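*Asks:* my questions are about this predicted structure, shown below with the sequence.
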Amino acid sequence: MNSKKQLSHFVAVLMLMSGLSILLPICVNAAESDASNVKTKQVPAVRAKVYDQFARAQTLADEDKVGEAILALDNVQAKISSMNSYERAMLWNFYAFIYYQQENYPQALNFFEKVVEEDPIPQPFELTTLFSLSQLHMMQGNFDKTIDYLDRWEKLNTGEIPASNYYLKAQAMYQQKSYAKAEGYISKAIALMEQQPDGVADENWYILQRAVYYELKQPEKVKDVLVKMLKHYDQPQYWTQLAGMYGELGEEKKQLAILESAYQQGYIKSASDIYNLAQLYYYHGAPFKGASLITQAMDEGVLERNLRNLKFLAQSWTLAQENEKAIPVLMAAASLADNGELHAQLGQLHLNLENWTAAIQATEQALEKGELANPGNAYLVLGLALFNQERYKDSIDALALAESYKQSERMAKQWKKYVNTEQQNALLLNGVGS
């Protein structure tokens, strides 16, 4: 598995390499081999004495005696002038195989290229080597050569082009950022696989197709690929990725349905996914479920009790009309904030609950911290709370300050007039009582 590029948007695409198909030597005449998909060539046979030396090198390589195996091949190479084209090709193939096993890919490439320079050699042998060369060049990042060797393979082959060729070309084109060409190749590869009895392409093929469509900015097709991936491979990350694509396409209800289903299956575990699901609950009229989800995540230590999370939790409880639950959360959030906005919200919430003293305290804290978007509203809340404690003078003073702000001017005037009247009435009643 080779990672060739990490993507900056939605996901990482891995350039996954299938195992190289290395042709091991066989002592046959190519004209006698059964290769129905290619034309046969009349090529010389591998002589028994030469094959025996190859077999000895093979045995040494299998015993991890690499140095001795290469030395054995060097002894064969010393007699190269007496070898025919097939024997020379087999010699280079043995070198390539040993170097490949040692992960010395430059040397393996060098000898594989020598194989296909020999002529004549059996066409099945040449086809296998050309494909191995294309794969090795892909691993080395030589994308032009990957395509060149695949083209040579296709010219030599007389049968149908297999899906694996299209996949490898798609990989090379993707790495060269030729996304439109890559799309054509990967779509052809997947279509061929989906025509087979099992009707499914390899998972990595879908991953590449998804990445190509993402680069081509075709979210609808990205979504369609993810639906297939979810159906055939059912990985947790595909649920969240599919939900994300529905969100990008503006299909928020489907986004919520997918994420909720993923959560029920135990796939939603990360802090970001939990927060996203809670947001969807909030915006789709289910704030209680979202607040419960966040509370549980905080209790389990998955979500931090930071300002953003606490603020959103308080908003969710408030929208769910669970004010008693919202208050302690909002207090915790307000204590972390640099300005007085959350204290102002807390004051409004206490006012709604007729907690006059708490409303006054929270609002005074808000005004002390400052940097309020609407300070006039804070003075209005303060004035109303003071009024309900029958502190008329203090209430009128607060309402006068609220009146000095345009956003709260009209309402502050109305309430100040009303408080003045109530103050006069109270004075009259006190006078009568005396």
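*Replies:* Nice, thanks for sending it over. Model, not experiment: these values are computed from the prediction.

*Asks:* export stretch 70-87 to PDB, keeping only CA atoms.
*Replies:* Extracted in PDB, the C-alpha atoms of stretch 70-87 (Å, rounded to 0.1, in the frame of the first residue of the first chain):
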ATOM      1  CA  ILE A  70      23.000 -12.800  -7.600                       C
ATOM      2  CA  LEU A  71      26.500 -14.400  -7.900                       C
ATOM      3  CA  ALA A  72      24.900 -17.400  -9.500                       C
ATOM      4  CA  LEU A  73      23.200 -15.200 -12.100                       C
ATOM      5  CA  ASP A  74      26.400 -13.300 -12.700                       C
ATOM      6  CA  ASN A  75      28.000 -16.600 -13.600                       C
ATOM      7  CA  VAL A  76      25.200 -17.200 -16.100                       C
ATOM      8  CA  GLN A  77      25.600 -13.700 -17.500                       C
ATOM      9  CA  ALA A  78      29.300 -14.400 -18.100                       C
ATOM     10  CA  LYS A  79      28.100 -16.800 -20.900                       C
ATOM     11  CA  ILE A  80      25.500 -14.400 -22.300                       C
ATOM     12  CA  SER A  81      27.100 -14.500 -25.800                       C
ATOM     13  CA  SER A  82      26.000 -18.100 -26.100                       C
ATOM     14  CA  MET A  83      22.400 -17.500 -24.900                       C
ATOM     15  CA  ASN A  84      19.300 -17.000 -27.000                       C
ATOM     16  CA  SER A  85      16.800 -14.100 -26.600                       C
ATOM     17  CA  TYR A  86      14.400 -16.200 -24.400                       C
ATOM     18  CA  GLU A  87      17.300 -17.200 -22.100                       C
END
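
*Asks:* now that stretch, how far from the chain's geometric center?
*Replies:* Centroid separation for stretch 70-87 versus its chain: 51 Å, with C-alpha atoms, centre = their mean, to the nearest Å.

*Asks:* which parts of it are buried?
*Replies:* Neighbour counts using 16 or more other C-beta atoms under 10 Å place 70, 72-73, 76, 83-84, 86-87 of stretch 70-87 among the buried residues. No exception for glycine: its C-beta is placed from N, CA and C like everyone else's.

*Asks:* next: stretch 173-185.
*Replies:* Residues of stretch 173-185 classed as buried: 173-175, 178-179, 181-185 (neighbour count, 16+ other C-beta under 10 Å).

*Asks:* would you point out the most distant pair within the buried residues of stretch 70-87?
*Replies:* Using C-beta to C-beta, the pair of these lying farthest apart is 70 and 84, separated by 22.1 Å.

*Asks:* now the strands: where do they sit in the protein?
*Replies:* Using DSSP state E, the strands of the chain run over 2-5, 13-15.

*Asks:* those: lowest mean pLDDT?
*Replies:* Out of those, strand 13-15 stands lowest, with a mean of 21 (criterion: mean pLDDT).

*Asks:* burial of residue 194, as a residue count?
*Replies:* By the measure other C-beta atoms under 10 Å, the count of residues near residue 194 is 13.

*Asks:* so what's it up against?
*Replies:* Residue 194 sits next to 200-201 when contact means C-beta atoms under 8 Å, 6 or more residues apart in numbering.

*Asks:* from residue 167, how far off is it?
*Replies:* Relative to residue 167, residue 194 is positioned 13 Å away (C-beta to C-beta, to the nearest Å).

*Asks:* go on, residue 330?
*Replies:* To residue 167, residue 330 is 55 Å away according to C-beta to C-beta.

*Asks:* give me the low-pLDDT residue ranges for the protein?
*Replies:* 1-41, 431-434 (pLDDT under 70).

*Asks:* and stretch 383-401, what's buried?
*Replies:* Residues 383-387, 391-392, 394-396, 398-399, 401 are the ones in stretch 383-401 that count as buried (16+ other C-beta under 10 Å).

*Asks:* just the buried residues of stretch 70-87 now: which is nearest residue 158?
*Replies:* Distance to residue 158 across these (C-beta to C-beta) is lowest for residue 86, with 20.6 Å.

*Asks:* who are the contact partners of the closest one?
*Replies:* Contacts of residue 86 by C-beta under 8 Å, 6+ apart are 30, 43-46, 118, 120-122.

*Asks:* go again using 7 Å as the cut-off
*Replies:* Neighbour list for residue 86: 30, 43-44, 46, 121 [criterion: C-beta atoms under 7 Å, 6 or more residues apart in numbering].

*Asks:* same check, this time on residue 262
*Replies:* Shown in contact with residue 262 (C-beta under 7 Å, 6+ apart): 236, 239-240, 268.

*Asks:* measure it to residue 228 for me?
*Replies:* Counting by C-beta to C-beta, the gap from residue 262 to residue 228 is 17 Å.

*Asks:* ditto for residue 346
*Replies:* Separation of residue 346 from residue 228 (C-beta to C-beta): 49 Å.

*Asks:* what of residue 416?
*Replies:* Applying C-beta to C-beta, the value for residue 416 to residue 228 is 66 Å.

*Asks:* then residue 271?
*Replies:* 29 Å.

*Asks:* and if you look at residue 182?
*Replies:* Residue 182 is 18 Å from residue 228, where distance means C-beta to C-beta.

*Asks:* same check on residue 283?
*Replies:* Using C-beta to C-beta, residue 283 is found at 28 Å from residue 228.

*Asks:* pick out whichever of those two has more residues nearby.
*Replies:* Each of residue 283 and residue 228 has its neighbours counted (other C-beta under 10 Å); residue 228 has more, 17 against 12.

*Asks:* and residue 287, how many neighbours?
*Replies:* The number of residues packed near residue 287 is 21, by other C-beta under 10 Å.

*Asks:* is it true that it touches residue 313?
*Replies:* No - here residue 287 lies out of contact with residue 313, judged by C-beta atoms under 7 Å, at a distance of 9.9 Å.

*Asks:* tally of neighbours for residue 152?
*Replies:* Per other C-beta under 10 Å, the neighbour tally for residue 152 reads 17.

*Asks:* quick check: closest non-adjacent residue to it.
*Replies:* Nearest residue to residue 152, sequence neighbours excluded (C-beta to C-beta, 6 or more residues apart in numbering): residue 130, at 5.4 Å.
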